[in-house]
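[1] When you get a sec, could you give me coordinates for this:
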Amino acid sequence: PKFVTRDTVFICSKTKIALKGTDAEAGMHHIEYSVNGSDPKEFTEAFSIETEGYNVVDFTGFDNVENSNLNSFGCKIDNTGPEISIMFGTASTGTKEGTMIYPVHSVLFVSATDVIVGFKKMTYSLNDTPVKEYSGVLKSFPKGKNKIVVTAYDQLGNTTQKEIIFFNFSINLLNQPDDG
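    Numbers count the residues shown, from 1 in each chain. Alright, predicted model coming up:
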């Protein structure tokens with residue numbers, strides 16, 4: 001995958017880079033390349049760059065009579081998924097088994113940001129149900145223990161996953177969870 005904005009090409013370590021060359025007169029013999037000034041290697045198959053940040057690929061094409069042509073390009077590697085934030089619409093009313101308890105009417109807001117290539121989409125699953133695309137507030141949770149798994153995607157397909165576990169109970173007059 002790749003993402004282009006302004007004059008910068010963003011890719012991730014899953015992106016395969018292929019180098020091609022032609023020579024109409026003498027015929028193309030081979031291409032050599034280096035990444036960030038490393039020793040040149042002969043290009044034989046598509047390669048990836050693992051190092052996050054800005055990288056420069058220099059490459060030289062050789063024809064069959066040893067004439068050469070040098071070129072280069074830069075790209076920024078991003079292997080980091082978006083940051084996920086959560087916020088319940090009400091305060092917790094306590095804990096049970098070390099897990100936060102929220103009132104039955106509570107809602108959950110989820111957001112994600114990616115400061116490099118930008119956020120693309122977010123999905124979630126409630127209590128191991130099929131995955132759905134997130135498009136707003138989550139509410140109407142079943143009473144009892146709940147597990148939500150949120151996955152956020154950036155423009156390159158990098159992902160981050162966050163698991164949210166909480167109890168959802170109605171509250172009685174003694175401010176104790178009502179398990180029924």
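
[2] Looking at the residue lying farthest from the centre of the chain now. What's its pLDDT?
    No residue in the chain sits farther from the centre than residue 65, which is 45.7 Å out by Cα atoms, centre = their mean. As predicted, residue 65 sits at a pLDDT of 95.

[3] does it sit in a helix or strand, and which one?
    Using DSSP states H and E, residue 65 falls within no helix or strand.

[4] hang on, it packs against residue 23?
    No - with contact defined as Cβ atoms under 8 Å, residue 65 does not reach residue 23; the gap is 9.1 Å. Placement of C-beta: from N, CA and C, glycine included.

[5] Can you report how many residues neighbour residue 73?
    Residue 73 has 12 neighbouring residues, counting by other Cβ atoms under 10 Å.

[6] How about residue 14?
    Using other Cβ under 10 Å, residue 14 has 11 neighbouring residues.

[7] picking up where we left off before, which residues sit in contact with the residue farthest from the centre of the chain?
    Listed by Cβ atoms under 8 Å, 6 or more residues apart in numbering, the contact partners of residue 65 are residue 26.

[8] Check the gap between it and residue 128 for me.
    According to Cβ to Cβ, to the nearest Å, residue 65 and residue 128 sit 65 Å apart.

[9] can you check residue 54 too?
    41 Å.

[10] quick one, which of those two is more surrounded?
    The residue with more neighbours, out of residue 54 and residue 128, is residue 54; 11 against 7, by other Cβ under 10 Å.
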